[in-house]
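Asks: let me see the structure of the following:
(2 chains)
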Amino acid sequence: MQDTPAPVGPQPPENPFEPFAPSDAEPWNARRIGHLLRRGAFGANSARMQLARERGPGGAVDWLFEFDPTTDVGGLNAFLSQASSLYDIRQSPTLVAQWWFHRMTQTPAPLQEKLAVMWHDHFATSAAKVGVPTWMHDQVELFRTHGLGSFRDLLIAVGRQPAMLRWLDGHGSHKSKPNENYGREILELFTLGVGHYQEKDIQELARAFTGWMITGGAVGVFDPARWDEGEKAVFDKTGPFNDEQAVDVILQHPQAPKYLAWRLLSTFVHPEPRPEHIDHYAARLVEHQWNIGNTLKEILKSRLFFSDWAYRSMIKSPVELCVGSAIAIGGVPRAEYLRRECAAMGQSLLYPPDVSGWKGGQSWINANTVMVRFRFGREAAGQGFGEFAEGPLFADLEKQQITTSPKIVNYFGDMLLDGEMPMEARGRFLDYMNRDNKNQPAEFVFNGGFVQQKVRGLLQLMMSMPHYQLS
Amino acid sequence: MPRHNDLTSRRELLKVGLGALPVITIGGSVPFLVPKMAFAQDVPATPIPKDNILVIVQLSGGNDGLNTVVPFKHDMYKKVRPRIALSDRLHPLNDEYALNPGMTAFKRMFDEGTLAVIHGCGYPQPNRSHFESMAIWHAAQTDGGGGSGWLGHYLDHLSRGTQDKDIANNPLLGVNIGREVPQALVSPEITVPSVDSIDDFGLRFDEGSAYDKELERQIIIELNKYKGENPAMEYLGRQATDAIISADEIRSVAGKYSPDANYPGGLGQRLRLIAQLICGDFGTRVFYCEMGGYDTHANQVQQHESLLNQVAESISAFYVDLGKKNIADKVTVMCFSEFGRRVEQNANDGTDHGAAGPMFVCGPKVQGGVFGTHPSMDQLEQGDLAFTTDFRTVYAAMLTHWLNADATAVLKAQYEPMPLFKGIQPAEPPAAPAEEPAKAEEAPPTGDGMMQGDGMMQGGAKMQG
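Replies: Sure, this is the predicted structure:
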């Protein structure tokens, strides 16, 4: 792909699947805490770092999973019903997206939202075609309730909701003329990937998925009279499959667990997982009877996850960048601001570009989006988040007696950059802090508006480092 | 690969930086900013200048064509639109059709002979979904294409089909004004930048800390020079450094612009930015901008008039500005919307999604007048106007007669270009349409103009006004 040899980065570790255990050589420090919080929770803030430090790697991973998706996590849905004038999700997909951003920054269970974003990318349903905002919301809700459960259950449920029935034309598909769109994409994009099936399999599957209609409820309705009850031959299996049985047939394909393992590893660990990693976690998925959460927990606890190979190996998606920054800065940012910034960076939530979702990786970055990312740094560190001016950050600094320039640089360096920045950069930051408003060297004194200017400036500088764009 | 000059090596550098991605980086180390006239004379004489510019103005939401180009004498028009039919302050184009009262400036351009009004633009089996119909207009394919668009294909042909490195290497051949690139400008080979505002296109600093600006700027540039901790970081640092430098170049060149007209509203600001970029002489051939608000389901009359007023006034200001700078001749503007609206008004004094609608093309080189046949008001298809002009005959005119491109290759099918430019002769009128059994069965014979118009689809259009 590249004409010049890329710099040789770190390689995967020895014993990659064993649980990571801190040692003198690999301590439980800001670097690894930051890595876990970014990948599993969008990003770090002071409280989260404290918690992770105390609990250790295993305990911190467990913390990510400590929520019950069948309940109203954090009372957020209750909040939504009260704040209906603020986030009227019946009005437009934009408001559904705004609500989602609100949740991502305010939830006590960030992994739930992180998974929901992954599934949104995986199932890549766009409001542009689905139209009805509540259908989009229902699909995201499904990702929240089922996102860490059984992939089989998720796959069956997602296919029966109006959003998907509309998106891939399952609605109204009749035995006399089965629509092949869903049959095709469930194999190509949701379970196997190209090259693992024949056109014939698609046609037979399409027959199994007939009979579903959108009738106004939150779930489609199955009309047996419209369903093709005949025998279908999919791969090496034959039977009068319905949608549920069809999913079971697909998931018995040996490629299916590999495809899902790839999705998990490429989302949480490294953009290009090695075949041996995929094979291992594919086997674990089968062992866990397709339970996503149990498999993911093993992944996040592994030496592979905490390895230098995985560290900063990915480019933050716009959602990761914006939500992570909001979490670090604290307060309640304006959801529409986050939504719009992400769109400008190429990730318009609820509007994936096509059925295969966002390309991700390097495609996030071009001259235009780099500028938007820098601009976001300025706005986030400056006035963009209303709460910041009087908000928690300055209070925290005072409370924790972080009032000298080295302490401030270290504090934000840990939070935003895992304490992992080149020595020259640290020197630059200190020099920046110790200059007056005429750019002359001056002792930094923690008081007054000047501090705010300097701290904001420091945040912008840190957020403008290439390091900060990486996950 | 041999290196011919700085530009080539820079281009290669960009390629390396972008891996398999198309070249996206804006700007460059100035060579492509060489005035375009410098090489225009090197090529064999062609009647179409090499630096013509097409500006697309997309009216999003489905513009109500019947209240834009008003069939003011038609009884049916008043009958089915009892509360929203327009009759006062209209700007007549001829005995039958008039422009919306808000479009005074368009009327002036029409009278000057620089505005073409094209009736009944659409495509077979109209789709009434915003998204899907827009995709059809963007792709110029009735299946919505595979995510790419007609102007993307054009830019791709332009950059790959030339020996001229200043064209092939120019990353600003197409520019979108806004934040998200429209499908029309997408192609697998080329990526078009979106520019929101020139001021925003570059590093910005908290105004409150302006005294630190220069220091912060230096530090950011420095921070992005760190090399090689890992491939992703290397890539990011290079992209960032590149972007900062080229944005500075664009800003410094575009900073020399000052407007010679008052641009109204949001569309005006976008056209002003286009004028600014045109004056920067970056060699851009296609600009794209959008104006929303046309989804007028309720209480539409005033709102619609003010939208159209903004369109006419902004485009008029754009040409005044370019005219004062003696570059108006280089620029043609084309306006379209993804569909027209239902003929009959709805219960909320608005209109629902419909089918065919008018297009506008304007500029000093445009052959002013009314083109095409207005769809029949009596013979509707599912309550909508049936198209009489395939919109791709208009695209074909833009490509063939303005951008000097191979329209058939770009549009992937042959369409007779409509004779919309001065000096272009209308194509021979097509032979009387042969029997079209399928159509004839659907629509009972009426002797009205509609079926004649139907035959015009592929055969260009005849002049009417």
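
Asks: where does chain B dip in pLDDT?
Replies: Applying pLDDT under 70 to chain B flags residues B:1-46, B:179, B:188-191, B:199-213, B:227-229, B:242, B:246, B:249, B:428-465.

Asks: strands of that one, start to end?
Replies: Counting by DSSP state E, one finds strands in chain B at the ranges B:53-59, B:69-70, B:91-92, B:98-99, B:115-122, B:174-177, B:194-195, B:286-291, B:331-337, B:357-362, B:369-371, B:389-390.

Asks: chain A too?
Replies: Secondary structure of chain A (DSSP E): strands located at A:212-213, A:221-222, A:232-234, A:237-239.

Asks: and the ones you listed: which comes nearest chain B?
Replies: Evaluated over those, closeness to chain B peaks at strand A:212-213, with 19.2 Å, by CB to the nearest CB. The C-beta positions use only the backbone N, C-alpha and C, and glycine is treated the same way.

Asks: okay, now the sheet partners of that closest one, with direction.
Replies: strand A:221-222 (antiparallel) (DSSP bridges).

Asks: get me the contact residues on the stretch 101-250 of chain A for chain B.
Replies: With CB under 8 Å from any CB of the partner chain as the criterion, the stretch 101-250 of chain A meets chain B at residues A:128-129, A:131.

Asks: what's the closest of these to chain B?
Replies: Nearest to chain B, judged by CB to the nearest CB, of those is residue A:128 at 4.3 Å.

Asks: now do the contacts for residue B:114.
Replies: Contact analysis of residue B:114 by CB atoms under 8 Å, 6 or more residues apart in numbering or on different chains lists B:319, B:362-364, B:366, B:368.

Asks: wait, what's in contact with residue A:159?
Replies: Residue A:159 neighbours (CB under 8 Å, 6+ apart): A:165, A:170, A:182, A:186, A:209, A:212, A:243, A:247.

Asks: and the residue nearest to the first one when sequence neighbours are not counted, what's its pLDDT?
Replies: Sequence neighbours aside, residue A:171 is the residue nearest to residue A:165 in space, at 4.1 Å (criterion: CB to CB, 6 or more residues apart in numbering or on different chains). What the model reports for residue A:171 is a pLDDT of 92.

Asks: quick check: residue A:171 touching residue A:160?
Replies: No: at 10.8 Å, residue A:171 and residue A:160 do not qualify as touching, with contact defined as CB atoms under 8 Å.

Asks: please enumerate the shared neighbours of those two.
Replies: Residues within reach of residue A:171 and of residue A:160 at once, by CB under 8 Å, 6+ apart, are A:212, A:220.

Asks: tabulate the strands of chain A (CSV), appending mean pLDDT and mean neighbour count.
Replies: Output for the strands of chain A, formatted as CSV (pLDDT from 0 to 100; neighbours: other CB atoms under 10 Å in any protein chain shown):
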stretch, mean pLDDT, mean neighbour count
strand A:212-213, 96, 22
strand A:221-222, 97, 14
strand A:232-234, 97, 21
strand A:237-239, 97, 14
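
Asks: redo those strands as TSV? Include distance to residue A:415.
Replies: Listed next are those as TSV, based on distance: least, CB to CB, whole Å:
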stretch	distance to residue A:415
strand A:212-213	48
strand A:221-222	50
strand A:232-234	51
strand A:237-239	52
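
Asks: quick one, which of those gets closest to residue B:287.
Replies: Taking CB to CB, strand A:212-213 is the member of those nearest to residue B:287, at 44.8 Å.

Asks: contacts for the closest one next, please.
Replies: Counting by CB under 8 Å, 6+ apart, A:159-160, A:165, A:170-173, A:220-223, A:226, A:243 sit against strand A:212-213.

Asks: give me the buried subset of those residues.
Replies: Buried members of the contacts of strand A:212-213, scored by 16 or more other CB atoms under 10 Å in any protein chain shown, are A:159-160, A:165, A:170-173, A:220, A:243.

Asks: which single one of these is nearest to chain B?
Replies: Looking across the buried ones among the contacts of strand A:212-213 and measuring by CB to the nearest CB, the closest to chain B is residue A:171, at 14.0 Å.

Asks: ok, that closest one - contacts?
Replies: Residues near residue A:171 by CB under 8 Å, 6+ apart: A:162, A:165, A:212-214, A:220.
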